[in-house]
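**Student:** Any chance you could fold what I've pasted below:
(chains A and B)
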Amino acid sequence: MRKIHVNTIIKKIKNMCIKGNYNLGVDVIESFKKAKEKEESPIGKDILDKLLLNAKIAKENEVPICQDTGMAVFFIEIGQEVYIEGGTLTDAINEGVRQGYKEGYLRKSVVKDPLFRENTNDNTPAIIHYDLVEGDKLKIYFAPKGFGSENMSALKMLKPSDGINGVKEFVLDVVEKAGPNPCPPIVVGVGIGGTMEKAAILAKKALLRDIGTFNKKEHIKNLETELLEEINKLGVGPQGLGGRTTALAVNIETYPTHIAGLPVAVNINCHASRHLMVEL
Amino acid sequence: MKNIEITTPLTESIVEKLNAGDKVYITGTIYTARDAAHKKMIETLHNGEELPFDIKDSIIYYVGPCPPKPGQIIGSCGPTTSYRMDDLTPPLLELGLRGMIGKGKRNQKVIDSMIKNKAVYFAAIGGAGALISDCVKSSEVIAYEELGTEAVRKLCVEKLPVIVVIDSKGNNLYDIENKKYKIK
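**Tutor:** Modelled structure (predicted):
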């Protein structure tokens, strides 16, 4: 057994919360620059410039890129040979979030009860997905999720006969209806297969991938490429003010499903597309 | 499309000259309010009480800022998505609210009320919170402090950059620009 103390985890999580909200990812910066070359809309080009400038200011002044520093979403891959010392992993993650959002002057955006809506004032609880894997490592993926884009996400239980065209139609429909609301240019996470909740989790997990990476399955990679092309024909553009850059990437994850079903979930991410990973 | 500098209060005569697509730089006083503050303001009106600020010719900015770091006036403060305030907006427009800053679509009821009451809807760049915070010269919570980031703040801004998305005639820049680039 390899022992990892909760204090090590708390410190890591705290730093991830701050770093992830102050720094735009290299993959995002590169994709903005590429998009700018192709963008035909003058307003769109200007917006891409402003977003690059915003990222520069955020990094230099060590302030959040966006005021919506999100709900703290984690995907944890924990090796079976890891023993967590000093408390539970869930408590450690929440403590790291509590400290990170306080010390980083990040916004506390979580309410205790979805109907009473009283702010918890420390941005906890986090949303944590666990995966038990082989080995003695602990991988922590962090993706703070803003709700401008989260609110534009959708799930549909398609029929098997709807097939690939049904999937495409649904994804395009969700993106077009979202229009300017999710802060385009967006990253589109798609989960296909599994059960209802599995598809939703896959769509979220797809957002952990860097822009410019593709699914290893050839037919899914092709679907990602085709959908990105189709989405960028919609004309939504940066901030929905028209243009060619509606999405920076379409990331799809799949899972086996039932003979009767074809669940599809679309989780939209804003242009900040915040995601990072550390391994302990 | 023009570059226009305006100073608050945002009067009817200023609004009449603004057209969808104009780049506007706002200087003066604006008020922040988003979901929870709107709910409270509408309850206030139902109870026959006064709103926390003089709404006539005012501008509301839909934002929940980050807390300021030591030495900062305000944390990152980009716009939030406006449609969530749609149902709560026409009563404020009826009372003289003249401008709104946010991002994203508005429903037809809001647009109709904007035309009737001669108001304008601006978009600020969503996700450019660090850049926008540089334009804020002072910030003071004036109501609903218990709401934290959602409290109503009085902000003094200098050359806050926004774009007219829906003007007082009902022209909608999202629709106009989207059509230009849609392929099919």
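
**Student:** Pull the distance from the longest strand belonging to chain B to the chain's centre.
**Tutor:** Across chain B, the longest stretch assigned as strand under DSSP state E is strand B:152-166. Strand B:152-166 sits 7 Å away from the centroid of its parent chain (CA atoms, centre = their mean, to the nearest Å).

**Student:** Please pull up the helix or strand immediately following that strand.
**Tutor:** For strand B:152-166, the succeeding helix or strand toward the C-terminus, using DSSP states H and E, is helix B:173-181.

**Student:** Tell me what angle that next one forms with strand B:152-166.
**Tutor:** With axes from the mean of the first three to the mean of the last three CA atoms, to 10 degrees as the basis, helix B:173-181 and strand B:152-166 are set at 40 degrees to each other.

**Student:** Just the buried residues of helix B:173-181, please?
**Tutor:** Within helix B:173-181, the residues that count as buried by 16 or more other CB atoms under 10 Å in any protein chain shown are B:173-174, B:177-178, B:181. Heads up, the C-betas are built off the backbone N, CA and C, glycines and all.

**Student:** of the residues you listed, list those near chain A.
**Tutor:** B:173-174, B:177-178, B:181 (CB under 8 Å from any CB of the partner chain).

**Student:** Quick one: those residues as TSV, columns for distance to A:N61 too.
**Tutor:** Listed next are those as TSV, based on distance: CB to CB, whole Å:
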residue	distance to A:N61
B:L173	31
B:Y174	31
B:E177	32
B:N178	34
B:Y181	34
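
**Student:** Tabulate these (JSON lines), appending pLDDT.
**Tutor:** Formatted as JSON lines, those follow (pLDDT from 0 to 100):
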{"residue": "B:L173", "pLDDT": "97"}
{"residue": "B:Y174", "pLDDT": "97"}
{"residue": "B:E177", "pLDDT": "96"}
{"residue": "B:N178", "pLDDT": "96"}
{"residue": "B:Y181", "pLDDT": "96"}
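
**Student:** got any ranges where chain B has weak pLDDT?
**Tutor:** Residues of chain B meeting the criterion pLDDT under 70: none.

**Student:** Name the nearest residue to the residue of it found nearest chain A, sequence neighbours excluded.
**Tutor:** Here the residue of chain B nearest chain A is B:E177; by CB to the nearest CB that distance is 2.8 Å. Nearest residue to B:E177, sequence neighbours excluded (CB to CB, 6 or more residues apart in numbering or on different chains): A:G242, at 2.8 Å.

**Student:** Regarding the one you found, what is its secondary structure?
**Tutor:** coil (DSSP: H, G, I helix; E, B strand; the rest coil).

**Student:** Count the residues that sit near it.
**Tutor:** 26 (other CB atoms under 10 Å in any protein chain shown).

**Student:** so it touches B:Y181, yeah?
**Tutor:** Yes: assessed by CB atoms under 8 Å, A:G242 is found in contact with B:Y181 at 4.8 Å.

**Student:** what touches both of those two?
**Tutor:** A:41, A:235 (CB atoms under 8 Å, 6 or more residues apart in numbering or on different chains).

**Student:** tell me the contacts of the closest residue to B:E94 other than its chain neighbours?
**Tutor:** Closest residue to B:E94 apart from its sequence neighbours, by CB to CB, 6+ apart: B:N117 at 6.4 Å. Going by CB under 8 Å, 6+ apart, B:N117 touches B:93-94, B:96-97.

**Student:** picking that back up, any idea of the pLDDT on the residue nearest to B:E177?
**Tutor:** According to the prediction, A:G242 has pLDDT 97.

**Student:** give the contact list for it.
**Tutor:** A:41, A:43-44, A:235-236, B:174, B:176-181.

**Student:** Closest one to A:F74 out of the residues you listed, please.
**Tutor:** A:V236 (30.2 Å; CB to CB).

**Student:** Surely the closest one touches A:P182?
**Tutor:** No: counting by CB under 8 Å, A:V236 stays clear of A:P182, with 9.8 Å between them.

**Student:** list the buried ones in the top helix by length along chain B?
**Tutor:** Counting residues, the longest helix found in chain B (DSSP state H) is helix B:35-46. Within helix B:35-46, the residues that count as buried by 16+ other CB under 10 Å are B:35-42, B:45.

**Student:** how much space between the residue lying closest to B:K39 once chain neighbours are set aside and B:K103?
**Tutor:** Spatial nearest neighbour of B:K39, chain neighbours left out: B:L88 (6.8 Å); criterion: CB to CB, 6+ apart. Between B:L88 and B:K103 the distance is 17 Å, computed by CB to CB, to the nearest Å.

**Student:** which of the two has more neighbours?
**Tutor:** B:K103 (26 against 18).

**Student:** show me the contacts for the more buried one.
**Tutor:** Contacts of B:K103 by CB under 8 Å, 6+ apart are A:148, A:180-181, A:183, A:239-240, B:62, B:78-82, B:123-126.

**Student:** just the residues you listed now: which is nearest A:E218?
**Tutor:** Using CB to CB, the contacts of B:K103 come closest to A:E218 at A:C183, 31.6 Å.

**Student:** That closest one contacts A:F147, correct?
**Tutor:** No: assessed by CB under 8 Å, A:C183 is found out of contact with A:F147, at 10.9 Å.

**Student:** what number of residues lie near A:S31?
**Tutor:** A:S31: 23 neighbours (other CB under 10 Å).

**Student:** Do me a favour and average the pLDDT over the helix or strand it falls within.
**Tutor:** Assigned by DSSP H and E, A:S31 belongs to helix A:26-38. Helix A:26-38 comes out with an average pLDDT of 96.

**Student:** next SSE after it?
**Tutor:** With DSSP H and E, the next secondary element past helix A:26-38 is helix A:42-61.

**Student:** where's that next one relative to the chain centroid, distance-wise?
**Tutor:** Worked out by CA atoms, centre = their mean, helix A:42-61 lies 20 Å from the chain centre.

**Student:** just checking, what packs against it?
**Tutor:** If contacts are counted by 3 or more CB pairs under 8 Å, 6 or more residues apart in numbering or on different chains; DSSP states H and E, helix A:42-61 sits against helix A:26-38, helix B:129-133.

**Student:** As CSV, those with distance to A:F74 would be great.
**Tutor:** Below are the helices and strands packed on helix A:42-61 laid out as CSV (distance: least, CB to CB, whole Å):
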stretch, distance to A:F74
helix A:26-38, 20
helix B:129-133, 23
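
**Student:** Point out the most buried one among those.
**Tutor:** helix B:129-133 (a mean of 27; mean count of other CB atoms under 10 Å in any protein chain shown).

**Student:** A:F170 belongs to a helix?
**Tutor:** Yes: counting by three-state DSSP, A:F170 is part of a helix.

**Student:** any idea how far B:L51 is from it?
**Tutor:** Counting by CB to CB - A:F170 and B:L51 are separated by 43 Å.

**Student:** One more: A:R244?
**Tutor:** Distance from A:R244 to B:L51, by CB to CB: 43 Å.

**Student:** A:F142: what secondary structure?
**Tutor:** strand.

**Student:** residues contacting it?
**Tutor:** A:13, A:16-17, A:20, A:72-74, A:275-277.

**Student:** Mind telling me what element the closest residue to it other than its chain neighbours is part of?
**Tutor:** Nearest non-adjacent residue to A:F142, counting by CB to CB, 6+ apart: A:M16, 4.6 Å away. In the assignment (DSSP H and E), A:M16 maps to helix A:6-22.
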